[in-house]
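In: Okay, structure incoming, though there's no sequence with it:
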(Lines give C-alpha, C1' and ligand atoms only; values in the text may rest on other atoms or scores of the structure.)
Protein backbone atom coordinates (compact mmCIF):
# COMPACT_ATOMS: atom_id res chain seq x y z
CA UNK A 1 0.00 0.00 0.00
CA UNK A 2 1.46 3.35 -1.09
CA UNK A 3 2.21 5.76 1.72
CA UNK A 4 1.47 9.47 1.37
CA UNK A 5 4.00 11.14 3.66
CA UNK A 6 3.84 14.87 4.29
CA UNK A 7 6.98 15.13 6.37
CA UNK A 8 10.00 12.88 6.66
CA UNK A 9 12.83 13.71 9.06
CA UNK A 10 15.96 12.04 10.47
CA UNK A 11 16.69 13.06 14.04
CA UNK A 12 18.34 11.82 17.21
CA UNK A 13 16.52 9.18 19.19
CA UNK A 14 14.92 10.42 22.41
CA UNK A 15 13.81 8.17 25.24
CA UNK A 16 10.29 9.61 24.84
CA UNK A 17 10.27 7.91 21.42
CA UNK A 18 10.72 4.46 22.95
CA UNK A 19 7.11 3.23 22.71
CA UNK A 20 6.92 4.15 19.02
CA UNK A 21 10.36 2.65 18.51
CA UNK A 22 9.16 -0.56 20.16
CA UNK A 23 6.10 -0.74 17.89
CA UNK A 24 8.32 -0.33 14.83
CA UNK A 25 10.70 -3.03 16.12
CA UNK A 26 7.82 -5.43 16.69
CA UNK A 27 6.55 -4.83 13.17
CA UNK A 28 10.04 -5.30 11.70
CA UNK A 29 10.70 -8.47 13.72
CA UNK A 30 7.34 -10.26 13.95
CA UNK A 31 8.95 -13.63 14.67
CA UNK A 32 10.87 -12.45 17.72
CA UNK A 33 8.20 -11.66 20.26
CA UNK A 34 9.77 -10.55 23.51
CA UNK A 35 13.24 -10.17 22.00
CA UNK A 36 13.43 -6.44 21.54
CA UNK A 37 15.76 -3.75 22.80
CA UNK A 38 14.63 -2.88 26.30
CA UNK A 39 14.01 0.66 27.49
CA UNK A 40 17.00 0.25 29.83
CA UNK A 41 19.25 -0.69 26.91
CA UNK A 42 18.05 2.24 24.79
CA UNK A 43 18.45 4.56 27.76
CA UNK A 44 22.02 3.38 28.19
CA UNK A 45 22.78 3.96 24.50
CA UNK A 46 21.33 7.46 24.59
CA UNK A 47 23.18 8.28 27.78
CA UNK A 48 26.49 7.06 26.42
CA UNK A 49 26.28 8.28 22.84
CA UNK A 50 23.05 10.10 22.07
CA UNK A 51 24.24 11.59 18.78
CA UNK A 52 24.88 8.09 17.41
CA UNK A 53 21.25 6.95 17.73
CA UNK A 54 19.01 7.96 14.82
CA UNK A 55 15.33 7.57 14.07
CA UNK A 56 13.45 8.31 10.89
CA UNK A 57 10.00 9.84 11.42
CA UNK A 58 7.21 9.92 8.89
CA UNK A 59 4.65 12.58 9.77
CA UNK A 60 5.98 12.56 13.32
CA UNK A 61 5.82 8.77 13.72
CA UNK A 62 8.94 6.62 14.28
CA UNK A 63 9.20 4.19 11.37
CA UNK A 64 12.86 3.17 11.50
CA UNK A 65 16.10 3.50 13.41
CA UNK A 66 19.87 3.12 13.23
CA UNK A 67 21.89 2.54 16.40
CA UNK A 68 25.67 2.72 16.76
CA UNK A 69 28.56 3.10 19.19
CA UNK A 70 32.15 4.30 18.96
CA UNK A 71 34.77 1.65 19.66
CA UNK A 72 38.54 1.50 19.85
CA UNK A 73 38.87 -0.95 16.99
CA UNK A 74 42.42 -1.91 17.93
CA UNK A 75 40.97 -3.73 20.94
CA UNK A 76 38.87 -6.01 18.73
CA UNK A 77 40.33 -6.24 15.24
CA UNK A 78 38.53 -7.95 12.41
CA UNK A 79 38.07 -11.24 14.30
CA UNK A 80 35.18 -10.54 16.65
CA UNK A 81 31.58 -11.46 17.28
CA UNK A 82 28.54 -9.28 17.78
CA UNK A 83 28.46 -10.33 21.42
CA UNK A 84 32.08 -9.25 21.96
CA UNK A 85 31.84 -5.90 20.15
CA UNK A 86 28.77 -4.92 22.19
CA UNK A 87 30.21 -6.06 25.52
CA UNK A 88 27.71 -8.89 25.89
CA UNK A 89 24.92 -6.50 24.80
CA UNK A 90 25.70 -3.98 27.58
CA UNK A 91 27.55 -1.51 25.30
CA UNK A 92 30.38 -1.16 27.82
CA UNK A 93 32.71 -1.33 24.82
CA UNK A 94 31.71 2.23 23.93
CA UNK A 95 34.84 4.40 23.89
CA UNK A 96 34.45 8.13 23.20
CA UNK A 97 38.15 8.27 22.24
CA UNK A 98 37.79 5.38 19.79
CA UNK A 99 38.37 5.57 16.06
CA UNK A 100 35.50 3.61 14.45
CA UNK A 101 31.72 4.06 14.36
CA UNK A 102 30.30 0.55 14.77
CA UNK A 103 26.79 -0.14 13.56
CA UNK A 104 24.77 -2.31 15.91
CA UNK A 105 21.26 -2.04 14.46
CA UNK A 106 19.21 -0.80 11.51
CA UNK A 107 15.54 -1.51 10.90
CA UNK A 108 12.59 -0.10 8.94
CA UNK A 109 8.88 -0.64 9.63
CA UNK A 110 7.58 -2.97 6.88
CA UNK A 111 4.86 -0.49 5.87
CA UNK A 112 7.55 2.04 4.97
CA UNK A 113 9.93 -0.07 2.94
CA UNK A 114 10.84 0.86 -0.60
CA UNK A 115 11.12 4.57 0.31
CA UNK A 116 14.94 4.68 0.56
CA UNK A 117 14.72 5.22 4.30
CA UNK A 118 17.59 2.83 4.93
CA UNK A 119 19.78 4.93 2.65
CA UNK A 120 18.83 8.06 4.56
CA UNK A 121 19.85 6.46 7.85
CA UNK A 122 23.17 5.37 6.36
CA UNK A 123 23.79 8.87 5.06
CA UNK A 124 23.15 10.24 8.55
CA UNK A 125 25.73 7.82 9.92
CA UNK A 126 28.27 8.84 7.29
CA UNK A 127 27.80 12.51 8.12
CA UNK A 128 28.28 11.74 11.81
CA UNK A 129 31.43 9.75 11.07
CA UNK A 130 32.88 12.68 9.12
CA UNK A 131 31.84 15.24 11.73
CA UNK A 132 33.47 13.28 14.56
CA UNK A 133 36.59 12.61 12.46
CA UNK A 134 36.29 8.85 12.82
CA UNK A 135 38.26 6.57 10.57
CA UNK A 136 35.42 4.39 9.32
CA UNK A 137 32.01 2.81 9.80
CA UNK A 138 32.19 -0.93 10.41
CA UNK A 139 29.58 -3.61 11.04
CA UNK A 140 28.82 -7.26 10.45
CA UNK A 141 26.17 -8.11 7.87
CA UNK A 142 24.30 -11.32 7.08
CA UNK A 143 24.20 -12.99 3.68
CA UNK A 144 20.69 -14.45 4.01
CA UNK A 145 20.38 -15.84 0.47
CA UNK A 146 23.62 -17.82 0.71
CA UNK A 147 21.82 -20.98 1.82
CA UNK A 148 20.31 -21.19 -1.67
CA UNK A 149 23.80 -21.46 -3.19
CA UNK A 150 25.82 -23.06 -0.40
CA UNK A 151 26.05 -26.43 -2.14
CA UNK A 152 27.61 -24.94 -5.24
CA UNK A 153 29.40 -21.74 -4.14
CA UNK A 154 31.90 -20.94 -1.43
CA UNK A 155 31.24 -17.74 0.55
CA UNK A 156 33.95 -15.99 -1.48
CA UNK A 157 32.40 -17.07 -4.78
CA UNK A 158 28.96 -16.05 -3.58
CA UNK A 159 30.14 -12.58 -2.55
CA UNK A 160 31.86 -12.06 -5.91
CA UNK A 161 28.69 -12.97 -7.76
CA UNK A 162 26.72 -10.49 -5.64
CA UNK A 163 29.34 -7.83 -6.42
CA UNK A 164 29.00 -8.60 -10.14
CA UNK A 165 25.19 -8.51 -9.83
CA UNK A 166 24.93 -12.11 -11.00
CA UNK A 167 23.22 -12.99 -7.70
CA UNK A 168 20.98 -10.79 -5.57
CA UNK A 169 21.29 -10.77 -1.79
CA UNK A 170 18.82 -8.49 0.02
CA UNK A 171 21.39 -7.45 2.62
CA UNK A 172 24.75 -7.46 0.86
CA UNK A 173 23.46 -5.95 -2.40
CA UNK A 174 22.05 -2.99 -0.48
CA UNK A 175 25.23 -2.48 1.51
CA UNK A 176 27.46 -2.57 -1.55
CA UNK A 177 25.18 -0.03 -3.23
CA UNK A 178 25.81 2.29 -0.28
CA UNK A 179 29.60 2.32 -0.78
CA UNK A 180 30.49 -0.30 1.81
CA UNK A 181 33.17 -2.83 0.92
CA UNK A 182 33.68 -6.33 2.25
CA UNK A 183 36.77 -6.59 4.46
CA UNK A 184 36.51 -10.28 5.20
CA UNK A 185 34.17 -13.16 5.86
CA UNK A 186 33.38 -13.89 9.50
CA UNK A 187 32.40 -17.25 10.93
CA UNK A 188 30.32 -17.56 14.07
CA UNK A 189 29.44 -13.84 14.13
CA UNK A 190 25.78 -14.69 14.59
CA UNK A 191 25.38 -18.28 15.80
CA UNK A 192 22.35 -20.19 14.52
CA UNK A 193 22.01 -18.00 11.42
CA UNK A 194 20.96 -20.91 9.22
CA UNK A 195 20.20 -18.84 6.13
CA UNK A 196 23.72 -17.42 6.10
CA UNK A 197 25.21 -20.75 7.17
CA UNK A 198 26.59 -18.79 10.16
CA UNK A 199 28.75 -16.68 7.83
CA UNK A 200 28.72 -12.90 7.87
CA UNK A 201 30.48 -10.18 5.94
CA UNK A 202 32.53 -7.60 7.78
CA UNK A 203 31.74 -4.38 5.96
CA UNK A 204 33.44 -1.01 6.10
CA UNK A 205 32.91 2.48 4.78
CA UNK A 206 36.06 4.61 4.87
CA UNK A 207 35.93 8.28 5.78
CA UNK A 208 38.11 9.89 3.11
CA UNK A 209 38.16 13.11 5.14
CA UNK A 210 39.63 11.40 8.20
CA UNK A 211 42.63 13.22 9.61
CA UNK A 212 44.69 11.24 12.15
CA UNK A 213 45.00 13.18 15.41
CA UNK A 214 48.42 14.13 16.61
CA UNK A 215 48.11 11.94 19.68
CA UNK A 216 49.22 8.33 19.50
CA UNK A 217 46.47 5.75 19.46
CA UNK A 218 46.43 3.20 22.25
CA UNK A 219 47.85 -0.12 21.10
CA UNK A 220 46.87 -2.96 23.40
CA UNK A 221 49.81 -4.72 24.99
CA UNK A 222 50.20 -8.38 24.11
CA UNK A 223 51.95 -9.17 27.40
CA UNK A 224 50.34 -9.12 30.83
CA UNK A 225 52.32 -9.60 34.04
CA UNK A 226 50.61 -11.46 36.86
CA UNK A 227 51.63 -11.24 40.51
CA UNK A 228 50.25 -14.01 42.74
CA UNK A 229 50.47 -13.69 46.52
CA UNK A 230 50.87 -17.00 48.36
CA UNK A 231 49.75 -15.69 51.73
CA UNK A 232 51.01 -16.86 55.11
CA UNK A 233 48.26 -17.26 57.69
CA UNK A 234 49.60 -15.80 60.95
CA UNK A 235 47.99 -14.05 63.93
CA UNK A 236 47.08 -10.38 63.52
CA UNK A 237 45.62 -8.32 66.32
CA UNK A 238 43.78 -5.85 64.14
CA UNK A 239 43.16 -4.64 60.62
CA UNK A 240 46.14 -2.29 60.63
CA UNK A 241 48.52 -5.17 61.31
CA UNK A 242 46.89 -7.23 58.55
CA UNK A 243 47.31 -4.42 56.05
CA UNK A 244 50.89 -3.79 57.01
CA UNK A 245 51.60 -7.21 55.50
CA UNK A 246 49.10 -6.71 52.71
CA UNK A 247 50.71 -3.48 51.55
CA UNK A 248 54.12 -5.13 51.71
CA UNK A 249 53.01 -7.71 49.14
CA UNK A 250 51.26 -5.15 46.92
CA UNK A 251 54.46 -3.09 46.97
CA UNK A 252 56.53 -6.17 46.12
CA UNK A 253 54.27 -7.19 43.23
CA UNK A 254 54.21 -3.61 41.95
CA UNK A 255 57.99 -3.34 42.07
CA UNK A 256 58.07 -6.08 39.41
CA UNK A 257 55.71 -3.93 37.32
CA UNK A 258 52.88 -6.46 37.57
CA UNK A 259 49.54 -5.60 36.00
CA UNK A 260 47.55 -7.73 38.46
CA UNK A 261 47.94 -8.80 42.08
CA UNK A 262 45.95 -11.83 43.24
CA UNK A 263 45.21 -12.49 46.92
CA UNK A 264 43.73 -15.77 48.26
CA UNK A 265 40.24 -16.62 49.41
CA UNK A 266 39.43 -15.42 52.97
CA UNK A 267 43.00 -14.24 53.48
CA UNK A 268 41.72 -12.13 56.39
CA UNK A 269 40.87 -15.29 58.32
CA UNK A 270 43.41 -14.52 61.12
CA UNK A 271 41.08 -11.75 62.33
CA UNK A 272 38.57 -14.45 63.32
CA UNK A 273 40.66 -15.11 66.43
CA UNK A 274 39.18 -12.08 68.18
CA UNK A 275 35.74 -13.71 67.89
CA UNK A 276 36.70 -17.05 69.43
CA UNK A 277 34.03 -16.69 72.09
CA UNK A 278 31.35 -16.93 69.38
CA UNK A 279 30.06 -19.82 67.31
CA UNK A 280 31.70 -20.34 63.91
CA UNK A 281 28.71 -18.83 62.13
CA UNK A 282 28.54 -15.75 64.36
CA UNK A 283 32.31 -15.27 64.16
CA UNK A 284 32.24 -15.23 60.34
CA UNK A 285 29.39 -12.72 60.36
CA UNK A 286 31.39 -10.56 62.76
CA UNK A 287 34.40 -10.80 60.45
CA UNK A 288 32.22 -9.33 57.70
CA UNK A 289 32.23 -5.96 59.48
CA UNK A 290 35.79 -5.42 58.17
CA UNK A 291 34.90 -5.99 54.51
CA UNK A 292 33.93 -2.38 53.59
CA UNK A 293 37.14 -1.07 55.16
CA UNK A 294 39.23 -3.73 53.41
CA UNK A 295 37.65 -2.82 50.07
CA UNK A 296 38.46 0.86 50.58
CA UNK A 297 42.06 0.12 51.59
CA UNK A 298 42.62 -2.13 48.59
CA UNK A 299 41.16 0.54 46.30
CA UNK A 300 43.72 3.04 47.60
CA UNK A 301 46.57 0.54 47.24
CA UNK A 302 45.59 -0.17 43.62
CA UNK A 303 45.90 3.50 42.77
CA UNK A 304 49.00 4.09 44.89
CA UNK A 305 50.96 1.15 43.47
CA UNK A 306 49.50 1.20 39.94
CA UNK A 307 48.31 -2.40 39.93
CA UNK A 308 44.90 -4.03 39.47
CA UNK A 309 44.14 -5.99 42.63
CA UNK A 310 41.94 -9.07 42.95
CA UNK A 311 41.19 -8.99 46.67
CA UNK A 312 40.74 -12.74 47.11
CA UNK A 313 37.46 -13.14 48.95
CA UNK A 314 35.80 -11.71 52.03
CA UNK A 315 32.63 -12.47 54.00
CA UNK A 316 29.75 -10.08 53.45
CA UNK A 317 26.34 -9.83 55.09
CA UNK A 318 23.63 -8.23 52.98
CA UNK A 319 19.97 -8.30 53.97
CA UNK A 320 20.83 -10.89 56.60
CA UNK A 321 22.46 -13.30 54.14
CA UNK A 322 26.14 -14.26 54.50
CA UNK A 323 27.96 -14.42 51.16
CA UNK A 324 31.55 -14.93 50.06
CA UNK A 325 32.52 -12.03 47.79
CA UNK A 326 35.52 -10.15 46.49
CA UNK A 327 36.50 -7.02 44.62
CA UNK A 328 38.51 -6.17 41.54
CA UNK A 329 40.11 -2.85 42.41
CA UNK A 330 41.29 -1.24 39.17
CA UNK A 331 44.34 0.97 39.20
CA UNK A 332 42.25 3.84 37.84
CA UNK A 333 40.00 3.76 40.94
CA UNK A 334 37.10 1.75 39.56
CA UNK A 335 35.82 -1.11 41.74
CA UNK A 336 34.02 -4.24 40.50
CA UNK A 337 32.44 -6.93 42.66
CA UNK A 338 32.30 -10.70 42.20
CA UNK A 339 30.61 -13.48 44.20
CA UNK A 340 31.20 -17.12 45.06
CA UNK A 341 28.31 -18.93 43.43
CA UNK A 342 28.85 -22.42 44.83
CA UNK A 343 29.60 -22.73 48.55
CA UNK A 344 31.06 -25.96 49.91
CA UNK A 345 29.12 -28.17 52.35
CA UNK A 346 31.42 -27.08 55.20
CA UNK A 347 30.96 -23.37 54.40
CA UNK A 348 27.23 -23.83 54.62
CA UNK A 349 27.16 -26.07 57.70
CA UNK A 350 29.82 -24.26 59.79
CA UNK A 351 29.32 -20.66 58.70
CA UNK A 352 25.85 -20.59 57.14
CA UNK A 353 27.16 -19.14 53.89
CA UNK A 354 24.94 -18.91 50.81
CA UNK A 355 25.94 -18.86 47.16
CA UNK A 356 25.65 -15.72 45.05
CA UNK A 357 24.52 -15.40 41.44
CA UNK A 358 26.68 -12.70 39.86
CA UNK A 359 28.87 -13.81 36.94
CA UNK A 360 30.62 -11.49 34.53
CA UNK A 361 33.79 -10.65 32.64
CA UNK A 362 35.57 -7.48 33.72
CA UNK A 363 37.16 -5.15 31.18
CA UNK A 364 40.44 -3.86 32.59
CA UNK A 365 43.00 -1.53 31.08
CA UNK A 366 44.99 -4.47 29.74
CA UNK A 367 42.85 -7.62 29.48
CA UNK A 368 39.39 -9.10 29.88
CA UNK A 369 39.36 -11.11 33.10
CA UNK A 370 37.06 -13.28 35.15
CA UNK A 371 37.21 -14.28 38.80
CA UNK A 372 35.88 -17.52 40.28
CA UNK A 373 36.33 -18.24 43.97
CA UNK A 374 37.78 -21.69 44.79
CA UNK A 375 34.95 -24.27 44.51
CA UNK A 376 33.41 -22.41 41.57
CA UNK A 377 36.25 -23.46 39.27
CA UNK A 378 35.18 -27.09 39.76
CA UNK A 379 32.01 -26.32 37.79
CA UNK A 380 33.02 -26.09 34.10
CA UNK A 381 29.84 -24.25 33.09
CA UNK A 382 30.92 -21.01 34.80
CA UNK A 383 34.29 -20.55 33.03
CA UNK A 384 32.64 -21.47 29.72
CA UNK A 385 30.06 -18.72 30.16
CA UNK A 386 32.91 -16.30 30.92
CA UNK A 387 34.86 -17.52 27.88
CA UNK A 388 31.81 -16.78 25.73
CA UNK A 389 32.11 -13.18 26.94
CA UNK A 390 35.72 -12.96 25.75
CA UNK A 391 37.58 -13.76 28.98
CA UNK A 392 41.35 -13.98 28.48
CA UNK A 393 42.54 -14.55 32.06
CA UNK A 394 40.70 -16.37 34.84
CA UNK A 395 41.76 -15.65 38.43
CA UNK A 396 40.96 -18.25 41.10
CA UNK A 397 41.57 -17.28 44.74
CA UNK A 398 41.20 -20.40 46.89
CA UNK A 399 41.45 -21.71 50.44
CA UNK A 400 42.24 -25.42 50.89
CA UNK A 401 43.34 -27.28 54.00
CA UNK A 402 44.74 -30.53 52.56
CA UNK A 403 46.64 -31.57 49.47
CA UNK A 404 43.77 -33.55 48.02
CA UNK A 405 41.48 -30.51 48.38
CA UNK A 406 44.13 -28.39 46.67
CA UNK A 407 44.46 -30.92 43.82
CA UNK A 408 40.74 -30.66 43.10
CA UNK A 409 41.13 -26.93 42.57
CA UNK A 410 44.38 -27.28 40.64
CA UNK A 411 43.27 -30.04 38.27
CA UNK A 412 39.97 -28.33 37.50
CA UNK A 413 41.68 -24.98 36.97
CA UNK A 414 44.13 -26.53 34.53
CA UNK A 415 41.27 -28.17 32.64
CA UNK A 416 39.51 -24.81 32.41
CA UNK A 417 42.59 -23.27 30.75
CA UNK A 418 42.58 -25.94 28.07
CA UNK A 419 38.87 -26.11 27.31
CA UNK A 420 38.36 -22.33 27.34
CA UNK A 421 41.63 -21.36 25.60
CA UNK A 422 42.61 -18.90 28.32
CA UNK A 423 45.13 -18.39 31.11
CA UNK A 424 44.18 -19.39 34.67
CA UNK A 425 45.96 -18.06 37.77
CA UNK A 426 45.35 -19.65 41.17
CA UNK A 427 46.61 -18.66 44.61
CA UNK A 428 45.88 -19.71 48.19
CA UNK A 429 47.15 -19.46 51.74
CA UNK A 430 49.74 -21.45 53.69
CA UNK A 431 50.55 -21.85 57.38
CA UNK A 432 48.47 -22.59 60.47
CA UNK A 433 45.93 -20.80 62.63
CA UNK A 434 45.67 -23.04 65.68
CA UNK A 435 43.30 -20.69 67.51
CA UNK A 436 40.79 -20.27 64.68
CA UNK A 437 38.10 -22.93 64.35
CA UNK A 438 37.61 -24.52 60.89
CA UNK A 439 40.64 -22.61 59.56
CA UNK A 440 43.50 -24.25 61.42
CA UNK A 441 45.61 -25.61 58.52
CA UNK A 442 46.17 -24.54 54.91
CA UNK A 443 47.81 -25.99 51.79
CA UNK A 444 48.73 -24.05 48.65
CA UNK A 445 50.89 -24.00 45.57
CA UNK A 446 50.10 -20.93 43.48
CA UNK A 447 50.35 -21.47 39.73
CA UNK A 448 49.61 -20.03 36.29
CA UNK A 449 48.15 -22.46 33.75
CA UNK A 450 48.01 -22.19 29.97
CA UNK A 451 46.35 -24.03 27.11
CA UNK A 452 48.26 -27.04 25.80
CA UNK A 453 49.54 -26.40 22.29
CA UNK A 454 52.87 -25.83 20.58
CA UNK A 455 53.07 -22.13 21.52
CA UNK A 456 52.61 -22.93 25.23
CA UNK A 457 54.44 -25.09 27.78
CA UNK A 458 53.87 -28.75 26.91
CA UNK A 459 52.52 -29.47 30.39
CA UNK A 460 50.26 -26.41 30.42
CA UNK A 461 52.04 -24.86 33.43
CA UNK A 462 53.52 -21.42 32.85
CA UNK A 463 54.89 -21.07 36.38
CA UNK A 464 54.26 -22.40 39.88
CA UNK A 465 55.28 -21.49 43.40
CA UNK A 466 57.04 -23.58 46.01
CA UNK A 467 54.38 -25.57 47.86
CA UNK A 468 53.46 -24.29 51.31
CA UNK A 469 55.92 -21.39 51.34
CA UNK A 470 55.06 -17.72 51.76
CA UNK A 471 56.11 -15.99 48.54
CA UNK A 472 55.00 -14.15 45.43
CA UNK A 473 54.87 -15.71 41.98
CA UNK A 474 55.35 -13.41 38.99
CA UNK A 475 54.62 -14.61 35.46
CA UNK A 476 54.09 -13.02 32.04
CA UNK A 477 51.35 -14.24 29.73
CA UNK A 478 51.03 -13.45 26.03
CA UNK A 479 47.52 -12.51 24.91
CA UNK A 480 48.43 -12.69 21.24
CA UNK A 481 49.08 -16.41 21.61
CA UNK A 482 45.46 -16.83 22.70
CA UNK A 483 44.25 -14.98 19.63
CA UNK A 484 46.35 -17.22 17.37
CA UNK A 485 45.18 -20.32 19.24
CA UNK A 486 41.52 -19.42 18.68
CA UNK A 487 42.08 -19.41 14.91
CA UNK A 488 45.00 -21.74 14.22
CA UNK A 489 45.32 -24.10 17.20
CA UNK A 490 45.85 -27.83 16.76
CA UNK A 491 42.37 -28.14 18.25
CA UNK A 492 39.87 -25.31 18.74
CA UNK A 493 37.69 -26.11 21.70
CA UNK A 494 35.67 -22.91 21.51
CA UNK A 495 35.00 -22.92 17.79
CA UNK A 496 34.42 -26.64 17.43
CA UNK A 497 31.56 -26.84 19.93
CA UNK A 498 28.46 -28.54 18.52
CA UNK A 499 25.96 -25.80 19.21
CA UNK A 500 23.49 -27.66 17.05
CA UNK A 501 23.52 -30.47 19.66
CA UNK A 502 23.81 -28.64 23.00
CA UNK A 503 23.75 -25.15 24.48
CA UNK A 504 24.61 -23.30 27.68
CA UNK A 505 22.97 -20.19 29.09
CA UNK A 506 23.21 -17.90 32.12
CA UNK A 507 19.76 -17.52 33.66
CA UNK A 508 20.44 -14.35 35.69
CA UNK A 509 20.78 -11.50 33.16
CA UNK A 510 21.47 -7.81 33.36
CA UNK A 511 18.04 -6.30 32.80
CA UNK A 512 19.59 -3.37 30.95
CA UNK A 513 21.04 -5.74 28.39
CA UNK A 514 19.23 -7.76 25.78
CA UNK A 515 18.87 -11.48 25.54
CA UNK A 516 21.81 -13.36 24.00
CA UNK A 517 19.38 -14.40 21.27
CA UNK A 518 18.06 -10.96 20.42
CA UNK A 519 20.60 -10.38 17.69
CA UNK A 520 19.40 -13.46 15.83
CA UNK A 521 16.49 -11.55 14.32
CA UNK A 522 16.03 -12.66 10.77
CA UNK A 523 13.11 -10.70 9.38
CA UNK A 524 14.38 -7.17 8.93
CA UNK A 525 14.36 -4.52 6.24
CA UNK A 526 17.54 -3.53 4.47
CA UNK A 527 16.32 -0.20 3.20
CA UNK A 528 15.14 0.30 -0.33
CA UNK A 529 13.75 -3.15 -1.16
CA UNK A 530 10.46 -4.45 0.14
CA UNK A 531 12.03 -7.60 1.59
CA UNK A 532 11.87 -9.40 4.92
CA UNK A 533 15.57 -9.50 5.74
CA UNK A 534 17.71 -6.79 7.32
CA UNK A 535 21.27 -5.63 7.74
CA UNK A 536 21.79 -7.88 10.75
CA UNK A 537 23.27 -5.22 12.97
CA UNK A 538 24.66 -2.93 10.32
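Out: Sure thing, it's come through. Here the structure is a predicted model, which is why all the values come from computation and not from measurement. Residues are numbered from 1 along each chain as shown.

In: Please make it C-alpha for all contacts and neighbour counts, starting now.
Out: OK.

In: Residue 238 reaches residue 271, doesn't it?
Out: Yes. The criterion here is C-alpha atoms under 8 Å, and residue 238 meets it with residue 271 at 6.7 Å.

In: more neighbours, those two?
Out: Using other C-alpha atoms under 10 Å, the more surrounded residue of residue 238 and residue 271 is residue 271, with 23 against 12.

In: With residue 255 as the reference, measure out to that one.
Out: Plainly put, residue 271 is 28 Å away from residue 255 if you go by C-alpha to C-alpha, to the nearest Å.

In: so what's the residue nearest in space to the middle of the chain scoring on pLDDT?
Out: Note on the chain: the residue nearest the mean C-alpha position is residue 389, at 4.0 Å, using C-alpha atoms, centre = their mean. Predicted confidence (pLDDT) for residue 389: 92.

In: measure it to residue 180 for me?
Out: Per C-alpha to C-alpha, residue 389 is found 28 Å from residue 180.

In: What distance do you get for residue 24 to residue 11?
Out: Distance of residue 24 to residue 11, computed by C-alpha to C-alpha: 16 Å.

In: what's the answer for residue 42, then?
Out: In terms of C-alpha to C-alpha, residue 42 sits 15 Å off from residue 11.

In: ok, these two, which is more surrounded?
Out: Taking other C-alpha under 10 Å, residue 42 and residue 11 do not tie; residue 42 has more neighbours (21 against 15).

In: Confirm the more buried one sits in a helix?
Out: Yes. The assignment for residue 42 (DSSP: H, G, I helix; E, B strand; the rest coil) places it in a helix.

In: in the stretch 101-250 of the chain, which spans are helices?
Out: Counting by DSSP state H, counting those that start in this stretch, residue ranges of the helices within the stretch 101-250 of the chain are 117-131, 155-163, 172-177, 239-255.

In: Residue 96: which of those helices is closest?
Out: Closest to residue 96 of the helices of the stretch 101-250 of the chain, according to C-alpha to C-alpha: helix 117-131, at 12.6 Å.

In: what about the residue nearest to residue 46 when sequence neighbours are not counted, how many residues close to it?
Out: Sequence neighbours aside, residue 53 is the residue nearest to residue 46 in space, at 6.9 Å (criterion: C-alpha to C-alpha, 6 or more residues apart in numbering). For residue 53, the neighbour count with other C-alpha under 10 Å is 23.

In: got the phi/psi numbers for residue 53?
Out: Phi and psi for residue 53, reported as degrees, to the nearest 10, are phi -110, psi 110.

In: Tell me who's in contact with it.
Out: Applying C-alpha atoms under 8 Å, 6 or more residues apart in numbering, we find residue 53 in contact with 12, 13, 45, 46, 65, 66, 67, 68.

In: Okay, the closest residue to the first one other than its chain neighbours and residue 87: tell me how far apart.
Out: Just to be clear, that refers to residue 12. Leaving aside its chain neighbours, residue 12 sits nearest to residue 54 (4.6 Å; criterion: C-alpha to C-alpha, 6+ apart). Look at residue 54 and residue 87: by C-alpha to C-alpha, they are 21 Å apart.

In: Between those two, which is the more surrounded one?
Out: The neighbour comparison of residue 54 against residue 87 (other C-alpha under 10 Å) goes to residue 54, with 22 against 19.

In: Mind checking the pLDDT average for the helix or strand encompassing residue 309?
Out: Using DSSP states H and E, residue 309 falls within strand 308-310. Across strand 308-310, pLDDT averages out at 97.

In: hmm, who's touching stretch 254-262?
Out: So stretch 254-262 is contacted by 224-229, 250, 253, 305-312, 366, 395, 397, 427, 474 (C-alpha under 8 Å, 6+ apart).

In: So residue 421 is in contact with residue 485, correct?
Out: Yes. Taking contacts as C-alpha under 8 Å, residue 421 lies within contact range of residue 485: 7.4 Å.

In: Who has more neighbours out of those two?
Out: Neighbour count, other C-alpha under 10 Å: between residue 421 and residue 485, residue 421 has more, with 27 against 22.

In: OK, contacts around the more buried one?
Out: Counting by C-alpha under 8 Å, 6+ apart, residue 421 makes contact with 392, 450, 451, 482, 485, 486, 493, 494.

In: Model confidence at residue 463, what's the number?
Out: Turning to residue 463, the model gives it a pLDDT of 97.

In: That one: neighbour count?
Out: If you count neighbours by other C-alpha under 10 Å, residue 463 ends up with 16.

In: bridging residues for it?
Out: Following DSSP bridges, residue 463 is listed with bridge partners residue 448.

In: and residue 227, how far is that from residue 308?
Out: 10 Å.

In: and what of residue 45?
Out: Using C-alpha to C-alpha, residue 45 is found at 28 Å from residue 308.

In: Which one of these two is surrounded by more residues?
Out: A direct count of neighbours by other C-alpha under 10 Å for residue 45 and residue 308 places residue 308 higher, at 31 against 23.

In: Is that one bridged to anything, and to what?
Out: Counting by DSSP bridges, residue 308 is bridged to residue 260.

In: ok, it - contacts?
Out: Contact analysis of residue 308 by C-alpha under 8 Å, 6+ apart lists 259, 260, 261, 302, 328, 329, 330, 331.

In: And the fifth one, which helix or strand is it part of?
Out: Remark: residue 328 resides in strand 321-329, with elements defined by DSSP H and E.

In: Thank you, goodbye.
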